[in-house]
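1. the sequence isn't on hand, but the structure is:
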């Protein structure tokens, strides 16, 4: 899910228009509860007033839905200081809440990327994915300081696990093999292989070493594998 939100943060105006349009997709056929959940899915976190504006109902009704969703463990709230004055309360989906959307979310992502590729040059699309990966890596810049190569590999394993990957790594001589046993974005990457560049760029950036992709499920392999040489820095 991180990738989707980073995509919007660094998106071209055309991209943002399409992503915001998804929030209102088929609203007439959705309950208010579904629209609240979907808005939180796409925007990551919102205040009551932001949700009320997006869903087009009054804040009191939004708060009523949020209280129910929070009691069911689908949403949780937290306070965030925003300048001077009282902190604001934000709402976001829990893991259980995000799990309500897997199939539809992938379908929408595939449609979105198809539209973007029709309207933007391939270089812009590739730059967008590269920037996403670099921005995700930047969030971990402080955590990386002082870490050994193998500790960085463990961090990558945890980070990709949060995205739904099953990752393992092993050392073979002077090289490290990073295996992605499963790919949560397989359906998207089959139509848009550019998505694969995010993982490769992220791994390379976090390790400060080039990661070479030697196996790929899109080529018929059982899993994706990257090789990193520990001698590359020497």
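-> Here it is on my side, so go on. Because the structure is a prediction, the values reported are computed rather than measured. Residues are numbered from 1 along each chain as shown.

2. residue 70 - how many residues pack around it?
-> 15 (other CB atoms under 10 Å). Yep, even glycine has a C-beta here, placed from its N, CA and C like the rest.

3. do residue 158 as well
-> Residue 158 has 10 neighbours, counted by other CB under 10 Å.

4. for it, report the pLDDT, please.
-> Looking at residue 158, its pLDDT reads 85.

5. same check, this time on residue 28
-> Model confidence at residue 28 (pLDDT) stands at 42.

6. what's the answer for residue 105, then?
-> At residue 105, the predicted lDDT confidence score is 61.

7. which residues sit in contact with residue 37?
-> Applying CB atoms under 8 Å, 6 or more residues apart in numbering, one finds that residue 37 lies in contact with 69, 74, 75, 93, 97, 100, 101.

8. now with 7 Å?
-> When contacts are counted by CB atoms under 7 Å, 6 or more residues apart in numbering, residue 37 is found next to 74, 93, 97, 100.

9. and the buried ones among these, selectable in PyMOL?
-> Buried residues within the contacts of residue 37, by 16 or more other CB atoms under 10 Å, are selected in PyMOL with:
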select buried, resi 74+93+97
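
10. where along this structure do the strands fall?
-> In the chain, the strands defined using DSSP state E lie at 75-80, 88-93, 167-172, 175-180, 212-215, 224-229.

11. sorry, back to before: mind putting the contacts of residue 37 into TSV with distance to residue 136 and pLDDT?
-> What follows is the contacts of residue 37, written out as TSV (distance: CB to CB, whole Å; pLDDT from 0 to 100):
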residue	distance to residue 136	pLDDT
74	25	86
93	19	84
97	21	79
100	24	74
